[in-house]
Each structure stands twice: as structure tokens, then as C-alpha cells.
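A.B. asks: Here is my input; please provide its structure:
(one chain, ligands or ions: 1)
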Amino acid sequence: MEFFKPATWSEALAIKAEHPDATPIAGGTDIMVELNFDVRRPGALLDLTEIAELREWSAVGDGFRVGSGVSYARIIEELGASLPGLAMAARTVGSPQIRNRGTVGGNLGAASPAGDSHPPLLAAAAEIEVASVRGTRRIPAAEFYKGVKRNAMEPDELIAAFHIAAADGPQQFAKIGTRNAMVIAVCSFGLALHPSTRTVGTGVGSAAPTPRRALDAETFIAAELEWDSPGPLRDSVLVRFGELVAQAASPIDDVRGTADYRRHALSVMARRTLGWAWDSYRRN
Ligand SMILES: Cc1cc2nc3c(=O)[nH]c(=O)nc-3n(C[C@H](O)[C@H](O)[C@H](O)COP(=O)(O)OP(=O)(O)OC[C@H]3O[C@@H](n4cnc5c(N)ncnc54)[C@H](O)[C@@H]3O)c2cc1C
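C.D. replies: Alright, predicted model coming up:
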């Protein structure tokens, strides 16, 4: 197996252009498992860990450009106050060791429907910045996930960063697993209230071939919320929101849970997270 360890971003892009089948490795928390279990044997590995700029983030406009190599631990520590939904999701990833090594870039590269960063990225309408020697483009999160473990990248592209607005209202994330930690989501849900635009963002995880938004639920609840004089939410509104979120999913039965259970769990998580987020909005 060939092993490339570029020191600069331009060198990495040049290697990827010349060797499109070279597999990038960031934290290695997905890739090393696959190599150890012989799930794949790439002809070449492209180690991105020497490229300092991938580990940087910066404030841009009303949000952030976060390098693909920023770890979950740093997202929690350094960006948690501005990106609460993503930080909540990051706190549920693996163990401290995994959060120290694992990156959102790697989660996007793997594009597993169960990846925990996807629901908050969808709810916040984040964009993924990908690059190649041909140039740079930004892909909305809702267009990035193309199928089970497939994303919208071309073979010569690498993930440089993601762009995400600072929270303009309460955000929530909930995940169901068979235990509290070190668990792949049976299903998960991300929610972002956007009082500035009177809209609500959602992200459904592990309940369809790709992470996806619950568009009908978003439209329904944005029209129901009384943003200017926020009172308690009626139970019927919470229940309907939960139903619409569950309807957006197309889950399967698998070792982690049945499709019926996933739909039910999603409706409960949607109701609860909306209740928590709305209470927080009313208090502030
Ligand atoms: C014990 C354990 C627990 C885990 N728990 C969770 C969990 O709770 N939630 C969860 O979501 N995940 C979990 N994971 C999976 C993994 O930690 C995450 O998917 C993590 O985000 C991967 O990041 P990484 O930097 O380690 O990626 P890597 O393993 O380095 O790469 C993952 C994929 O992304 C590609 N890639 C990496 N960087 C780039 C780039 N810049 N451009 C293009 N492609 C790139 C790689 O080629 C590979 O296909 C767990 C893994 C382990 C081993």
C-alpha cells in the first residue's frame, strides 16, 4: 500500500488529482476500523494530518468556516457556545478518545446515515466546502448525502471545511441508542429554531438511506410558532410535528432497531426537542 503524507493543502490536492483512488485519512477512527477488519484494502492512503489549515476554524460573517480536521473535542470546547446543536451531537460521539481524534470532515467523508454530525449540519443549513486542483465549491448539506455511505464528492476532491451560521436561536439534538455512550444511533434528530427568519431547521439521522430534512414538519411548525408572543405549545401541535418528522423518514429493520421503532422514536424525539427549544426561546 502506498502512503502519502503531504505537508500542504496544495500538495494534498495534487496527490488526489494524480491518485483519485487514494483514501484520505484524518482522525482514522473510521478508516482504521475498516483496515483492521479487512473491510477495505485501499491501494493508497492520503494522510491529511500534517496539514495545519485543516485544523483551523475562523469566524466569517455571521458564522464560521470550520476546517475538516477540527476534532469533536475542539468543536465542543471552542465552538460549543455558538454551535450548540453540533456540540450536543459531538458530545454523543464515541468516547473521549474518539472525540479527540474524530472529525466532522471524517463523518462527512464516511457519509454514514448514522453519523451524528449530519442532523445538526442539516438543521443549521450548513455547507460543505470541497476542493480539487480544478477549484473549490460549496455544497449545501441537504445535497451532500447521496446514498448509504455515498456523498456528492468527485474522486479528485477533498473536504476542506464546512460553513455554518452561528445559532440565532435555540438548537437541540437527540439520539437513541442501546446505551448512553459509545453507541451508533438507532436514530437521531437535530432541530434549530431560527427566530431571525421565523423558520425551523431539522435533520433526521439513521432513519433513511441518507440523513435528511423533514421538510413538511419544518413548514408546519414555522407557521404554528408565535414568534412575537411566544406562549406554551399546544400538545396537538407537538404531536403533529412529531408525526410529520416520522413521516419524513424511510427507515429499515436492522440489527439496531425496527423501522416501526425508529418512526416512533423519531416522533418522540421531535416532540421533546421542539418542546425544549421552544421553552428556551420563551425564557430568553
Ligand atoms: C469506537 C468508535 C465509536 C464511534 N462512535 C461514533 C458515534 O457515536 N457517532 C458517529 O457519528 N461516529 C462514530 N464513530 C465513527 C467515527 O468516529 C466518525 O465517523 C468520525 O467522524 C470519523 O472521523 P475521522 O476524522 O476519524 O475520519 P477517518 O476515519 O479519518 O475518515 C473517515 C472517512 O472520511 C474520509 N475523509 C476523511 N477526511 C477527509 C477529507 N478531508 N476529505 C475527504 N474525505 C475525507 C476518509 O477517506 C474515510 O472514508 C465511532 C468510531 C469508533 C471507532
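A.B. asks: May I have the phi/psi pair for residue 202?
C.D. replies: phi -130, psi 160 (degrees, to the nearest 10).
A.B. asks: nearest residue to residue 277 other than its sequence neighbours?
C.D. replies: Nearest residue to residue 277, sequence neighbours excluded (CB to CB, 6 or more residues apart in numbering): residue 170, at 4.1 Å. The C-beta positions use only the backbone N, C-alpha and C, and glycine is treated the same way.
A.B. asks: The ligand contacts on the stretch 1-150 of the chain?
C.D. replies: By CB under 6 Å from any ligand atom, the residues of the stretch 1-150 of the chain that approach the ligand are 23-31, 33, 48, 68, 92-94, 98, 101-103, 105-107, 109-110, 115-116.
A.B. asks: Among the residues you listed, which lie within helices?
C.D. replies: Judged by DSSP state H, helices contain the following of these: 31, 33, 98, 101, 105-107, 109-110.
A.B. asks: Taking the residues you listed, tell me the two that lie furthest apart.
C.D. replies: Using CB to CB, these span at most 16.7 Å, a distance reached by 33 and 105.
A.B. asks: got the contact list for the residue nearest to residue 277?
C.D. replies: For residue 170, the contact set (CB atoms under 8 Å, 6 or more residues apart in numbering) comprises 84, 192-193, 276-278, 280-281, 284.
A.B. asks: likewise residue 205?
C.D. replies: Shown in contact with residue 205 (CB under 8 Å, 6+ apart): 113-116, 118-119, 175, 185, 187-190, 211.
A.B. asks: and which of those residues is nearest residue 253?
C.D. replies: Proximity of the contacts of residue 205 to residue 253, judged by CB to CB, is greatest for residue 187, which lies at 12.5 Å.
A.B. asks: so the closest one makes contact with residue 262?
C.D. replies: Yes: the pair residue 187 and residue 262 qualifies as a contact (CB atoms under 8 Å) at a distance of 4.5 Å.
A.B. asks: between those two, what contacts are shared?
C.D. replies: With CB under 8 Å, 6+ apart, residue 187 and residue 262 have common neighbours 206-207, 249, 251.
A.B. asks: From the residues of the stretch 1-150 of the chain next to the ligand, list the buried ones, please.
C.D. replies: 23-31, 48, 68, 92-94, 98, 101-103, 105-107, 109, 115-116 (16 or more other CB atoms under 10 Å).
A.B. asks: For the stretch 151-284 of the chain, give the residue positioned nearest to the ligand.
C.D. replies: residue 159 (3.5 Å; CB to the nearest ligand atom).
A.B. asks: Contacts only, for residue 90.
C.D. replies: Residues in contact with residue 90, defined by CB under 8 Å, 6+ apart, are 72-73, 75-76, 99, 116-117.
A.B. asks: quick one: the helices in the stretch 1-150 of the chain?
C.D. replies: 9-18, 31-36, 72-79, 84-91, 96-101, 104-110, 118-123, 141-144 (DSSP state H, counting those that start in this stretch).
A.B. asks: Could you pull up phi and psi at the residue nearest to residue 277?
C.D. replies: With angles defined as degrees, to the nearest 10, residue 170 sits at phi -60, psi 150.
A.B. asks: now do residue 176
C.D. replies: phi -110, psi 130.
A.B. asks: what about it, neighbour count?
C.D. replies: Using other CB atoms under 10 Å, residue 176 has 22 other residues around it.
A.B. asks: Do I have it right that it meets residue 184?
C.D. replies: No: Residue 176 is beyond contact range of residue 184, at 10.5 Å (criterion: CB under 8 Å).
A.B. asks: isn't residue 106 right up against residue 33?
C.D. replies: No: at 11.5 Å, residue 106 does not count as touching residue 33 under the criterion of CB under 8 Å.
A.B. asks: mind giving me TSV with the contacts of residue 90 and columns for pLDDT?
C.D. replies: Shown next, in TSV, are the contacts of residue 90 (pLDDT from 0 to 100):
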residue	pLDDT
72	98
73	98
75	98
76	98
99	98
116	98
117	98
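A.B. asks: ok, these vs residue 258, which is closest?
C.D. replies: For the contacts of residue 90, the residue nearest residue 258 by CB to CB is residue 116; the value is 20.9 Å.
A.B. asks: what's the pLDDT at the nearest residue to the closest one once chain neighbours are set aside?
C.D. replies: Spatial nearest neighbour of residue 116, chain neighbours left out: residue 89 (4.5 Å); criterion: CB to CB, 6+ apart. pLDDT, residue 89: 98.
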